[in-house]
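*Asks:* test case, fold it:
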Amino acid sequence: MSRSEQDSKPTRSQSFTELISELRVAQKEETKLLEEIKRLKQEKQALEVDLGQMRRERDLARAQIVSTSGEKSYEIKIMEESYKQEISLLKKRLQWYAENQELLDRDATRLKDAKEEIEKLKLQVDRLRTEAGNQSLQQKKRLKDRAADAKRIQDLERQVKEMETILKRRYPNSLPALIYAAAAASETTGDTSAKSNTIDFLERRIKKLETELEGKDEEAKKSLRAMEQQFQKIKLQYEQRLSELEQLLAYKLMNEPQKLHDSKASFTATEQELCSAKEDHQITIKKLQTEIENLKNQNSQLELKKCERDEEDLQTIEYQVEQAHAKARLVRLNQELITKSREIQDLTKTVERLQKERTTMLNQNSSDKTDNRKKSTEILKKDILATSKRNSSTNEPFPDTLDDKIYQPHNFADSHISEVLQENARLKDELERLSLEMSQQRVKSQTALAHSESNLQRTKEDTAEYIAALKASHQREMEKILCQHAVEHSSSKVAVLNSQISSQEILIKHLQEQVNELQRDQESLPVSQMREEVLQKEMAKLLEELREAKERQSPEMKHFLCLERKIKYMELRHAQREQELQQVVQQTRLVTQVQQTQEVEKWKTLAQLKNQELEKFQMELDSILDVLRELQKQGVVIQVPVSGGLNLPERYWKT
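*Replies:* Reported below is the predicted structural model:
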């Protein structure tokens, strides 16, 4: 038993030591596990933080996806609207192409008519030259024929005068004497017929001038229409630009409220400038609209004057002077319209520039805040160092002024004072530039006024020349009439020859003047052709501008153009009706004249027959009286009854 106990003691001690060692190992493992648990907990916390960040990123990504999808839908809508606008613009272009084609066709017809007139004038020139060449031969033949005719006419006139004197002596109250008096009165009617010829010539001249005035009125209407369309184009561009800028402002106000809060002062200044520019633009638009209405009223008044002028045929010269004044006024008003459109363009350019500066300021304010602060501090430090170096190096007589000009940051709380000063300087420069532009525009307006005054003076001189030419032509016609009258009523051969010579000289002068005029026309033909080419080029440019302006027209302008077309159509119908009425009146006049001439000839024939019968009756009476005288000489007494029979005078019965 003792041996077993002795053996068990060491085994127990060994197991105890083993247990202690195992316990130590277990404790070490436990500490390791606790450290691992702590580490895993830390990792778990880090993973939870990462998971939260991932969830936030996921939410942000979802929000960005939603915002981008909204922006894309908005962009798609904008694209659809732009495509619709382009489709409408293309439709408008098609309409304007058709209208421009009609205008080109009209111009082509006018050019054809002008070419035909030029060819006719050339043919007339050739014909006049040939007539001038053959006229010398014809004059010799005419002189011989006229000499023979003059002798015969003198003999016949002498016989007629003898017969008339015989008739007057015998029967002063007879029908031939009355016919002779009527022939003397018809000579006065010949003068009236000559006057009627001059009146017809003046009426033809008036009609020609009226057609020329109508053409010039149409050209003025076309230029007015082009100016109105250019004005509408500028107005539409300005409105579109304003709407785009307002949309950009709204978008930036929605997305960047903090930037707008920081740069509120600059925005208010630019908005005030925009408002002032808008007000100026609206004022100019109103002025131009009033001027356009005035021009339309003036055109209507001119048309009314034209209608009244058709009734007053003899007041052509005064009407031409008024028309010249009205044309000069139209030219002046067109020049004023051009200057106003230039002012509008300048204002639109300034507004666009201000809006661009506003957008750039919006974009730069947010990004340049921190940079501006850093730069301002660095610049201030550099300025202080530079001023100290200058004061130490150079001994200037007024150092206090430089010390006063040093920037001190504790005086100003805002860091953007340099930007404000720069903007102030820039705005001053713009003010000076605008004042210079205004002075230039005033000078231009003064030059335009001088040009219009010169045009007025030129028109007055042209009217004076035209009046002098009319007076000269009237004097020539009066001389012709006097020469013809002298030829018809002269008895001597010398007077006839002198009158023929004077008439031939007048004809030669008239033909020479016509030849000179035709030569001048031929010399002015190339100049007019060059002018036509220049005008055609200008017409092409204006048509392109018209097309661009008509592409961007409003429905009100379309309605206005439709009304203009209707008015033109009504005017054309009115002119056609007036022409038809004039033709009917002329036909009735011709019919009445023919009837009157027929009646006059009929009465003349009746008068001649009665005269012949009276002459026969007188011959029979003379023969009866001769028989009675012979019977009375023979002593035959004839008793005459008291009632009835012939009441012969007593002198026939006395011996």
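
*Asks:* all helices of the stretch 101-250 of the chain, in order?
*Replies:* All helices of the stretch 101-250 of the chain, identified by DSSP state H, counting those that start in this stretch, fall at 175-255.

*Asks:* show me where pLDDT drops low in it?
*Replies:* Along the stretch 101-250 of the chain, segments meeting pLDDT under 70 span 132-133, 135-136, 167-168, 170-198.

*Asks:* tally of neighbours for the residue lying closest to L224 once chain neighbours are set aside?
*Replies:* Spatial nearest neighbour of L224, chain neighbours left out: L295 (6.2 Å); criterion: Cβ to Cβ, 6 or more residues apart in numbering. Every residue, glycine included, has its C-beta placed from N, CA and C. By other Cβ atoms under 10 Å, the residues close to L295 number 20.

*Asks:* let's number from 2 now, not from 1
*Replies:* Renumbered: residue one is now 2, and that last one reads L296.

*Asks:* where's L296 relative to L338, distance?
*Replies:* For L296, the distance to L338 (Cβ to Cβ, to the nearest Å) stands at 8 Å.

*Asks:* now do the shared contacts for those two.
*Replies:* The contact sets of L296 and L338 do not overlap (Cβ atoms under 8 Å, 6 or more residues apart in numbering).

*Asks:* heading C-terminal from the helix or strand bottoming out on mean pLDDT in the chain, find the next helix or strand.
*Replies:* None of the helices or strands of the chain scores lower by mean pLDDT, DSSP states H and E than helix 400-406, at a mean of 41. Sequence-wise, the next helix or strand downstream of helix 400-406 (DSSP states H and E) is helix 418-490.

*Asks:* same question for whatever helix or strand comes next after that following helix, mean pLDDT?
*Replies:* With elements assigned by DSSP H and E, the helix or strand that comes after helix 418-490 is helix 494-552. Per-residue pLDDT over helix 494-552 has a mean of 77.

*Asks:* try stretch 618-636
*Replies:* Rounded mean pLDDT across stretch 618-636 is 86.

*Asks:* same deal with stretch 340-351?
*Replies:* 74.

*Asks:* cool, and stretch 40-60?
*Replies:* On average, stretch 40-60 scores 86.

*Asks:* so which residues make contact with that stretch?
*Replies:* Applying Cβ under 8 Å, 6+ apart, the set of residues contacting stretch 40-60 is empty.

*Asks:* could I have the CA atoms of that stretch written out in PDB?
*Replies:* Only the C-alpha atoms of stretch 40-60 are listed here, as PDB (Å, rounded to 0.1, in the frame of the first residue of the first chain):
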ATOM      1  CA  ARG A  40     -10.500  42.700 -34.300                       C
ATOM      2  CA  LEU A  41     -13.600  41.200 -35.900                       C
ATOM      3  CA  LYS A  42     -15.800  43.700 -34.100                       C
ATOM      4  CA  GLN A  43     -13.700  46.500 -35.500                       C
ATOM      5  CA  GLU A  44     -13.900  45.000 -38.900                       C
ATOM      6  CA  LYS A  45     -17.600  44.700 -38.500                       C
ATOM      7  CA  GLN A  46     -17.900  48.300 -37.600                       C
ATOM      8  CA  ALA A  47     -15.800  49.300 -40.600                       C
ATOM      9  CA  LEU A  48     -17.900  47.200 -42.900                       C
ATOM     10  CA  GLU A  49     -21.000  48.700 -41.500                       C
ATOM     11  CA  VAL A  50     -19.600  52.200 -42.200                       C
ATOM     12  CA  ASP A  51     -18.700  51.100 -45.700                       C
ATOM     13  CA  LEU A  52     -22.100  49.600 -46.200                       C
ATOM     14  CA  GLY A  53     -23.700  52.900 -45.100                       C
ATOM     15  CA  GLN A  54     -21.500  54.800 -47.600                       C
ATOM     16  CA  MET A  55     -22.400  52.400 -50.300                       C
ATOM     17  CA  ARG A  56     -26.100  52.900 -49.500                       C
ATOM     18  CA  ARG A  57     -25.600  56.700 -49.700                       C
ATOM     19  CA  GLU A  58     -23.800  56.400 -53.000                       C
ATOM     20  CA  ARG A  59     -26.500  54.100 -54.300                       C
ATOM     21  CA  ASP A  60     -29.200  56.800 -53.300                       C
END
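
*Asks:* OK, contacts around K445?
*Replies:* T340.

*Asks:* neighbours around Q230, how many?
*Replies:* Using other Cβ under 10 Å, Q230 is surrounded by 22 other residues.

*Asks:* alright, that wraps it up for me.
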